[in-house]
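Asker: Need a 3D model of the sequence below.
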Amino acid sequence: MPITTDVLVIGGGATGTGIARDLTLRGVDVTLAERGGLSAGTTGRSHGLLHSGARYAEADAEGALECLEENQILREIAGECIRETRGLFVQVAGDDSAYFDEKRAACEELGIPVEVVDGDDAREAVSGLAAAVERAMWVPDAVVLPSRLVAATAADAREHGARILTHAPVESMVLEGERIDSVSLGGAAETVVEPEFVVNATGPHAGAVAAMAGVTVEMRPTRGVMVSVDHDGLEPVLNRCRDPADGDIIVPHDDEVVLGTTSVPVDDLDEFERDQQEVERTIRECATMLPAVADAPQVRTWWGIRPLYEPDEAARGGRGISRGFVQLDHAEDGVANFVSIVGGKLTTYRRMAESVSDLVADRLGVGNSSTTAGRELIGASSASELDAFVDEFDGRGPTDADLVDQDG
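Answerer: Just a heads-up that it's a prediction; the model follows:
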């Protein structure tokens, strides 16, 4: 029997599950389909930083404020999905001091809490910090465990009536006039969904999914490498205070740190080059902040694909410091019941989901507004419950592989 539903959400990363949760809390009947386990794509293959907004402050004030606000919301609603660490932007000898000053001024203007310290004070606070660090700036960054966050969001959606279908790739769509009439799912689902509305939240795959509905979504995906190495006791996230470049972030876990990242265009989202030189360059650059990582044993290496929207990236001129999201209403392309969401950051997933859900609710005539900012995620206070959700939804990713189940 076909599944009849108000909304079919395609994509089981942070944004897709966030949309499912938002809409179900408004009383909408939602079915979510993910081609693999939850967070199998971009979300689960990130570096796991919860941005404070400081990274974007001088280049994108609006995006920085979004990060700051969502950072604060997630600390309230996501419990054991978040690790309180703080963040430290460091200026290394040879870095442009004017860039540091510009970032500090922008943070202060936007209300992002900052505290500037000299190199000696920074080294006293962070064991092993490089002697070349001349000054640093504390900001309220944190670490997010994407496997837990996505699983909890999906479980919350299911608690309120959503169907969560994993290992259910979209195989085809049938259009009747200007509407998607049905969507065929394969894999473990092997069913047909008959939706009133369809949301494409498939990250870098958005173009391929949109093409099934005869719509063009131009993407410019880039790969980035993350390397986890043995290193015990780092408290804050370390950010190199310079223009975006390879190897400018170190994210602390317990006995490991995650080093990232690079940005290289890719054509094939599944079969792309894994360049060992990128790994070596990332380690080498991160070692300018924390020298011990240069010789630390490598635990695991993974690659993520950024879901960048081509027109947005072209306007920005290539690798930019902002990562805003773009909502594409395909009614303008002749498909009245279809929307795609592309770009964005893990930190702002809830806001992205709210934006899409506002559009969908309006089209469906649903008057209820979003309540996700003020409602704690189901299981958020229990690491073991969250990790059980991760297992249930086959949601383990490399980003937090050393932390999930470690606290349960």
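Asker: so where do the strands sit in the stretch 1-150 of the chain?
Answerer: 3-10, 30-33, 49-50, 82-83, 87-92, 115-118, 133-139, 142-144 (DSSP state E, counting those that start in this stretch).
Asker: Now do the longest one, average pLDDT.
Answerer: The predicted model assigns strand 3-10 a mean pLDDT of 98.
Asker: cool, the third one as well?
Answerer: When the per-residue pLDDT values of strand 49-50 are averaged, the result is 98.
Asker: One more: the second one?
Answerer: The average pLDDT within strand 30-33 is 98.
Asker: Which one, of the strands of the stretch 1-150 of the chain, ends up nearest to N337?
Answerer: strand 3-10 (9.3 Å; CB to CB). C-betas here are computed from N, CA, C, even on glycine.
Asker: The closest one pairs with which strands, and in what direction?
Answerer: As defined by DSSP bridges, the strand partners of strand 3-10 come to strand 30-33 (parallel), strand 191-200 (parallel).
Asker: Please work out which of the ones you listed is packed deepest.
Answerer: Of all these, strand 30-33 has the most neighbours on average by mean count of other CB atoms under 10 Å, namely a mean of 28.
Asker: what does that one contact?
Answerer: With contacts defined as CB atoms under 8 Å, 6 or more residues apart in numbering, strand 30-33 is touched by 3, 5-12, 16-17, 19-20, 23-24, 154, 157, 161-165, 168-170, 183, 185, 189, 193, 195.
Asker: Pull that strand out as PDB, backbone CA atoms only.
Answerer: The C-alpha coordinates for strand 30-33 follow below in PDB (Å, rounded to 0.1, in the frame of the first residue of the first chain):
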ATOM      1  CA  VAL A  30       5.500  13.800   7.800                       C
ATOM      2  CA  THR A  31       7.400  10.900   6.200                       C
ATOM      3  CA  LEU A  32      11.200  11.200   6.000                       C
ATOM      4  CA  ALA A  33      13.300   9.100   3.600                       C
END
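Asker: How far off centre is it?
Answerer: Mean-position distance between strand 30-33 and its chain equals 20 Å (CA atoms, centre = their mean, to the nearest Å).
Asker: can you tell me which residue is nearest the centre of the chain?
Answerer: Nearest residue to the geometric centre of the chain (CA atoms, centre = their mean): L346, 2.3 Å.
Asker: which ones are touching that one?
Answerer: Contacts of L346 by CB under 8 Å, 6+ apart are A14, T43, S46, G48, L49, L50, V144, P146, L149.
Asker: quick one: which of those residues is nearest E285?
Answerer: For these, the residue nearest E285 by CB to CB is L49; the value is 16.3 Å.
Asker: Quick check: beta-bridge partners of that closest one?
Answerer: Assigned bridge partners for L49, using DSSP bridges, are V143.
Asker: In the stretch 151-300 of the chain, what residue spans correspond to helices?
Answerer: 206-212, 276-286 (DSSP state H, counting those that start in this stretch).
Asker: Tell me which of those helices sits most buried.
Answerer: Using mean count of other CB under 10 Å, helix 206-212 ranks as the most buried of these, with a mean of 20.
Asker: Contacts for that one next, please.
Answerer: 10, 170, 172-173, 200, 202, 216-219, 307, 330, 338, 340-342.
Asker: next one: it to chain centre, how far?
Answerer: 20 Å.
Asker: for the record, mean pLDDT for stretch 271-278?
Answerer: Mean predicted lDDT for stretch 271-278 stands at 91.
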